[in-house]
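Q: for reference, the sequence and a predicted model appear below.
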Amino acid sequence: MPKTSSKALSKTPPPRKPAKPAKSKAAKSTELTAPFTRTPHSGGKGEIRIIGGQWKRSLLPVADVPGLRPTPDRVRETLFNWLGQDLTGWRCADVFGGCGALGFEAASRGAASVLIVENNPALLRPLQTTKERLNAAAVSIERGDGVAALRRCAPASLDLVLLDPPFDSALYEPALQAAASATQAEGHVYLEAPIAWTDEQLTPLGFKLHRYLKAGVVHSHLLHRVP
């Protein structure tokens, strides 16, 4: 009598793999694990690179200033993927400029105008030097208060506002309120913060969460205006 396989006799089907949870159609979330690492050189300073556009691989100096926290390469790469890479004709403002990583990245990708605002005088000269070295005609650099600069912008005059305030500041809500007025209806606001902001917090300020990622201690948000 021929042998019968034990598999053939078994009537119990193999266990099914658990179904993957459905992705939300609202804000999409990403997590990155590599925060900014300085490239050390003399004077305790560092450098970061522009990662896309006409100035790709150009280096930006990072001054040794307490609290200065450039947006990591991989976060900027993800942000400009979200924005579609080509910013030709866009009007932008980077109102907590720091080393200018976000503002120069936007200009490198074709933005028609980029206002970089920085309140720390120690950072203004490096920003101006970078502008001159890159021949960045679309970039204007201003010393002053970032929130006040946004409030001076004409209503609905900007396509992209880049907000990266000091993590220990109380500037987030006033900056978002000013950005809501300055950004056109189909525009974008990028927000970098030490915590994740929710729609419950954002909606009263005029925004909804569109994309989100976490990289180390940095929480990054791409926001759209509430209709």
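A: Looks like it arrived, so ask away. Numbers count the residues shown, from 1 in each chain.

Q: pLDDT score assigned to Thr12?
A: Thr12 carries a pLDDT score of 46 in this model.

Q: then Lys7?
A: Per the predicted model, pLDDT is 39 at Lys7.

Q: and the longest strand seen in the chain, average pLDDT?
A: As assigned by DSSP state E, the longest strand anywhere in the chain is strand 183-193. Strand 183-193 carries an average pLDDT of 97.

Q: need the contact partners of that strand.
A: Defining contact as C-beta atoms under 8 Å, 6 or more residues apart in numbering, one finds that strand 183-193 is touched by 71, 75, 79, 83, 102, 156-165, 167, 172, 176, 179-180, 197, 207, 210, 218-225, 227. Yep, even glycine has a C-beta here, placed from its N, CA and C like the rest.

Q: show me how far that strand is from its chain's centre.
A: For strand 183-193, the distance from its own C-alpha centre to the chain's C-alpha centre is 10 Å (C-alpha atoms, centre = their mean, to the nearest Å).

Q: need the contact list for Pro70.
A: Listed by C-beta under 8 Å, 6+ apart, the contact partners of Pro70 are Phe36, Ile48, Leu60, Val62, Gly98, Cys99, Ala101.

Q: secondary structure class for the nearest residue to the last one once chain neighbours are set aside?
A: Take Ala101 and drop its neighbours on the chain: the residue closest to it by C-beta to C-beta, 6 or more residues apart in numbering is Pro70, 4.9 Å away. Counting by DSSP: H, G, I helix; E, B strand; the rest coil, the backbone at Pro70 sits in coil.

Q: please report how far Pro70 lies from Asp94.
A: Distance, Pro70 to Asp94, using C-beta to C-beta, to the nearest Å: 12 Å.

Q: shared neighbours, the two?
A: With C-beta under 8 Å, 6+ apart, Pro70 and Asp94 have no common neighbours.

Q: how about residues contacting stretch 136-146?
A: Residues contacting stretch 136-146 (C-beta under 8 Å, 6+ apart): 55, 95-97, 100, 103-104, 107, 111-119, 121, 124, 127-128, 130-131, 149, 163, 165, 171, 175.

Q: are any of those residues buried, and which?
A: In the contacts of stretch 136-146, burial by neighbour count holds for 55, 95-97, 100, 103-104, 107, 111, 113-119, 124, 127, 130-131, 149, 163, 165, 171, 175, counting by 16 or more other C-beta atoms under 10 Å.

Q: just the ones of these in strands?
A: Using DSSP E, the subset of these located in strands is Ser113, Val114, Leu115, Ile116, Val117, Glu118, Leu163.
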